[in-house]
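**Q** Following is a predicted model, sequence given first.
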Amino acid sequence: EWPYEKYRKLENYQGETMEEFIEKVKIDDEFALKYGELGPVYGHQWRDFFGVDQLLNLERDLKENPFSRRHIICAWNPAQIDQMALPPCHAFVQFYVSGDGKKLSCQLYQRSADVFLGVPFNIASYSLFTHMIAQVCGYEAKEFVHPFGDVHIYTDHFEQIETQLSR
């Protein structure tokens with residue numbers, strides 16, 4: 001819905017419903033490339049934060065200087081927030097190597113946390129990411145820590161939440 005909302009503000013918008021917009025993104029590659037993205041969010045910031053490949057640096061630093069407190073990936077780039085359909089919710093990730101040099105932990109600060117849909121996906125994704133980074137860098141994954149800023153439930157999720165709780 002965020003790329004759709006961004007598209008609705010453009011002069012190329014021709015009154016398409018969100019369903020029509022989604023269908024256009026699915027069948028028209030040129031349209032999808034132009035309008036179907038969120039902008040320079042997560043992957044872009046991780047791999048090209050003003051020319052810095054944060055992911056590559058993280059891997060190198062975890063191998064070369066494991067006990068640093070600077071094993072960080074940041075998706076929050078104030079210079080590009082206005083180009084993003086939605087500013088990053090999971091904004092700041094820090095990795096820690098255990099004192100014995102064998103285990104890797106990850107802490108993700110999430111500024112905005114949709115507890116019903118987003119948070120479970122983020123927990124699974126960043127736990128997997130921690131395992132992947134640990135494997136690439138020669139560590140054993142230890143723990144995933146996940147503090148939140150604004151935790152919320154969207155009103156249009158109430159019915160699904162009630163269904164899930166009843167099960």
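**A** Happy to help now that I have it. Worth saying up front: this structure is predicted, and the values here are computed from it rather than measured.

**Q** I'd like the mean pLDDT over stretch 124-142, please.
**A** The average of the pLDDT scores along stretch 124-142 is 98.

**Q** what about it, distance to the chain center?
**A** Its chain's average C-alpha position is 16 Å from that of stretch 124-142, according to C-alpha atoms, centre = their mean, to the nearest Å.

**Q** mind listing what's buried in that stretch?
**A** Using 16 or more other C-beta atoms under 10 Å as the test for burial, stretch 124-142 gives 126-127, 129-131, 133-134, 137, 139, 141. C-beta here means a position set from N, CA and C on the backbone, and glycine is covered the same way.

**Q** And for stretch 138-154?
**A** Buried, per 16+ other C-beta under 10 Å, within stretch 138-154: 139, 141, 144, 146, 148.

**Q** hmm, which helix or strand of this structure has the shakiest average pLDDT?
**A** Ranking every helix and strand in the chain by mean pLDDT, DSSP states H and E puts helix 2-8 at the bottom, with a mean of 87.

**Q** Which elements pack onto that one?
**A** helix 18-27, helix 29-35 (3 or more C-beta pairs under 8 Å, 6 or more residues apart in numbering; DSSP states H and E).
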